[in-house]
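Asker: no sequence on this one, just coordinates:
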C-alpha cells in the first residue's frame, strides 16, 4: 500500500511525514518524531495512556489515524511541559505522590489540565469523572484527585489575588 | 494490535463520498470520528480495503432548528451535542444521555451519525432517537430516503442503512411544552458499556392525554421500546399507580440475554429497577 504524505503541526513545529494509512498517531509521534511521552497501553481507546491534544481538544492518539490528523495542531506532554503550562500540576503530582510507575502520568496530566481549563472549580466527584477514562494501576487514584484538587484551589486563589 | 493495511481517502463533498463508496463496493468503509471503527481496525476485527473519511463533509455539519423540528448533522460530535444551546433547550434528553457516552477524549471526536450507524446495543443515543421519534435522512446513489428511528436499528451492529448509503442528518420533533425526560444507566464504571439503561420521553399530564415512551438499551440486540409497559402507565390513574403493572409488563416487552457482564435474570431486574427510578424522577419533575 502506498504511503501518504501528511503535514502535522506538533508542539508548534511543522512536520512533513510519510505514513501508512493504517498507522495511528501515537505510533507516528513515538516512532517518527521520538516523542515517547505519549504512551501506548491498550491501543483500543480504553486505558487513556495515549491522550494528547488535537486542535485544543483531548484525544486518544491510538484512535486517530495519522492521516486523519492531516493539517491538525497536535500538542503532546513534551509541548505542555516545555511551555510551563502544567508546571503546577507536575509539582503537585510529585508532592502528593500521585504517581508511582509513571506510565499513566503524561496522559493523566493532560486530562487534568483539560478539566481545569473547562471547569476551574471542580469538586472531587467531577475530577474523578473526568479522569475516569485514564487508568492508573499504582495509586488507587486518591492521590491523583488530591493533586488536581490542590492545583484547582491554588489557581483559584492566585486568580483572586489583586 | 496494529491494523491490517488499507488505503485512505478524504472526501471533500457528499457526492464524492457516495461515488467513492459505490466504487469501493464491499471493501469500502466510512470513517468520521473513528472512535468505534479505529479500535475495531486495531484489533483486526475489520479489514477494509479503503477508508473513506467523511469527517470534513460540509453536508454533515450543523445543528439547526425550525418551527417544528431540530436538525442534527450526522457529523455533529458528541461534545457539540453536549455544548449546544439548541440541544439544551429543545432536546434535554440528548444532553442528559451524551454525558454517559464514553469519556471526554472520546466525546471530542466521536460523531452522532457514527454512533447511530454503528448501532452498538449498549449505546445511549440510539435509545434516545427512538424515545424522541427521530427521523434519519440517508442518501445513496438512488437519492434520499427517510427512516424512522424505530425502523433504523435492526440488530447487533445492524441498521437499515444500505452499504452504499450515508447517514446525513437526524431530524427530531421539538418536544411539546411540559414534556418530561429521564435518562439513566447502570454500568460498573463511569464510561463503561451499560449493563442496562433507560431513556424516557413523556408529555401530557392528565391520564387522558399522557403519552410515554420508555426505551431500554443494553438489554437486547438493539434498543427496545417497552410498549406494554407504556400502555400500563398510560392507562393508570398516575405513574405511581401504574408502576407495578408496568414492571410486570417488562417481562413481555424485553428479552434479555446472558453475557459476560450479567445474566438474563439480573438484566430484567435491573430494567425493573431503572423503570421504578425513572418514574420516581418523572413524578418529582412534575411536582417541581
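Answerer: Yep, that arrived. The structure presented is a predicted model; accordingly, all values stated were derived computationally and were not measured.

Asker: Give me the below-cutoff pLDDT ranges for the chain.
Answerer: I went with chain A, as the question did not name one. Confidence mapping of chain A against pLDDT under 70 gives the ranges A:162.

Asker: Actually, chain B is the one I wanted.
Answerer: Ranges of chain B meeting pLDDT under 70: B:288.

Asker: Against which helices or strands is the lengthiest helix in chain A packed?
Answerer: Secondary structure of chain A per DSSP state H: the longest helix is helix A:142-160. Using 3 or more Cβ pairs under 8 Å, 6 or more residues apart in numbering or on different chains; DSSP states H and E, the elements in contact with helix A:142-160 are helix A:87-95, helix A:105-118, helix A:124-130. Backbone N, C-alpha and C define where each C-beta goes, glycine included.

Asker: which of these sits most buried?
Answerer: Among the helices and strands packed on helix A:142-160, helix A:105-118 has the highest mean neighbour count (mean count of other Cβ atoms under 10 Å in any protein chain shown), at a mean of 22.

Asker: Measure how that one sits relative to helix A:142-160, angle-wise.
Answerer: Computed with axes from the mean of the first three to the mean of the last three Cα atoms, to 10 degrees, the direction of helix A:105-118 lies at 40 degrees from that of helix A:142-160.

Asker: what does helix A:105-118 contact?
Answerer: For helix A:105-118, the surrounding residues in contact (Cβ atoms under 8 Å, 6 or more residues apart in numbering or on different chains) are A:37-39, A:48-53, A:58, A:76-77, A:80, A:85-86, A:89-90, A:93, A:98-99, A:122, A:126-127, A:130-131, A:133-134, A:136, A:144, A:147-148, A:151-152, A:155, B:104-105.

Asker: now swap in stretch B:32-49 and tell me
Answerer: Here stretch B:32-49 has contacts from A:22, A:24, A:43-45, A:60, A:62-65, A:68, B:1-4, B:6-7, B:24, B:27-29, B:31, B:53-55, B:60, B:74-75, B:77, B:102, B:106, B:109-111, B:113-115, B:118, B:120, using Cβ under 8 Å, 6+ apart.

Asker: Please pick the buried ones from those.
Answerer: Listed as buried from the contacts of stretch B:32-49 are A:22, A:24, A:43-45, A:60, A:62-65, A:68, B:3, B:6-7, B:24, B:28-29, B:31, B:53-55, B:60, B:74-75, B:77, B:102, B:106, B:109-111, B:113-115, B:118, B:120; burial here means 16 or more other Cβ atoms under 10 Å in any protein chain shown.

Asker: Sort out for me which of these are in helices.
Answerer: B:24, B:106, B:113-115, B:118.

Asker: Can you say which two of those are spatially most distant?
Answerer: B:24 and B:106 (26.7 Å; Cβ to Cβ).

Asker: which residue does chain B bring closest to chain A?
Answerer: Residue nearest to chain A within chain B (Cβ to the nearest Cβ): residue B:103, separated by 2.8 Å.

Asker: Let's verify the residue nearest to that residue when sequence neighbours are not counted: helix, strand, or coil?
Answerer: Excluding the flanking residues, the one nearest residue B:103 by Cβ to Cβ, 6 or more residues apart in numbering or on different chains is residue A:133, at 2.8 Å. Of the three states, residue A:133 takes coil under DSSP: H, G, I helix; E, B strand; the rest coil.

Asker: ditto for residue B:201
Answerer: Taking three-state DSSP, the label given to residue B:201 is strand.

Asker: My read is that it contacts residue B:129, right?
Answerer: No. Residue B:201 sits out of contact with residue B:129 when judged by Cβ atoms under 8 Å, with a separation of 10.7 Å.

Asker: Who are the contact partners of the residue in chain A that chain B sits nearest to?
Answerer: Using Cβ to the nearest Cβ, the closest approach of chain A to chain B is made by residue A:133 at 2.8 Å. For residue A:133, the contacting residues are A:48, A:111, B:102-106, B:191, by Cβ under 8 Å, 6+ apart.

Asker: And it, how close does it get to residue A:60?
Answerer: 8 Å (Cβ to Cβ, to the nearest Å).

Asker: so what sits against both of those two?
Answerer: A:48, B:105-106.

Asker: For the residues you listed, give me TSV that also has distance to residue B:40.
Answerer: Below are those laid out as TSV (distance: Cβ to Cβ, whole Å):
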residue	distance to residue B:40
A:48	18
B:105	18
B:106	14
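
Asker: ok, and the closest non-adjacent residue to residue B:84?
Answerer: The spatially closest residue to residue B:84, leaving aside those adjacent along the chain, is residue B:63, at 5.2 Å (Cβ to Cβ, 6+ apart).

Asker: List the contacts of that neighbour.
Answerer: B:70-73, B:76, B:80-81, B:84, B:86-87.

Asker: can you list the domain ranges for the chain.
Answerer: Let's take chain A. Using automatic domain parsing, the domain parsing of chain A gives A:4-80, A:86-157.

Asker: I was after chain B.
Answerer: B:7-53, B:59-173, B:180-287.

Asker: Residue B:74 against residue B:118, yeah?
Answerer: No. Applying Cβ under 8 Å as the test, residue B:74 and residue B:118 come out as separate, 12.0 Å apart.

Asker: Need the residues touching each of the two.
Answerer: With Cβ under 8 Å, 6+ apart, residue B:74 and residue B:118 have no common neighbours.

Asker: picking that back up, higher neighbour count, residue B:201 and residue B:129?
Answerer: residue B:129 (28 against 24; other Cβ atoms under 10 Å in any protein chain shown).

Asker: what's near enough to touch that one?
Answerer: Residue B:129 touches B:116, B:136, B:149, B:152, B:170, B:172, B:223, counting by Cβ under 8 Å, 6+ apart.

Asker: which one of the residues you listed has the most neighbours?
Answerer: residue B:223 (28 neighbours).

Asker: Show me which residues of chain A sit near chain B.
Answerer: A:1-2, A:4, A:20-22, A:24, A:27, A:42-45, A:48, A:51, A:54, A:57-60, A:62-65, A:67-68, A:70, A:111, A:114-115, A:128-130, A:132-133 (Cβ under 8 Å from any Cβ of the partner chain).

Asker: Now go through those and say which are in strands.
Answerer: Those of the residues of chain A next to chain B mapping onto strands are A:4, A:51, A:54, A:57-60, per DSSP state E.

Asker: any idea which of those is the one closest to residue B:206?
Answerer: Among those, and counting by Cβ to Cβ, the member closest to residue B:206 is residue A:57, at 46.0 Å.

Asker: wait, doesn't that closest one sit right on residue B:79?
Answerer: Yes. Judged on Cβ under 8 Å, residue A:57 makes contact with residue B:79 at a distance of 7.1 Å.

Asker: What is the burial count for residue A:42?
Answerer: 17.

Asker: any chance you could read off phi and psi for it?
Answerer: In terms of degrees, to the nearest 10, the main-chain angles of residue A:42 are phi -90, psi -20.

Asker: can you check residue B:228 too?
Answerer: Dihedral angles (degrees, to the nearest 10) for residue B:228: phi -70, psi -40.
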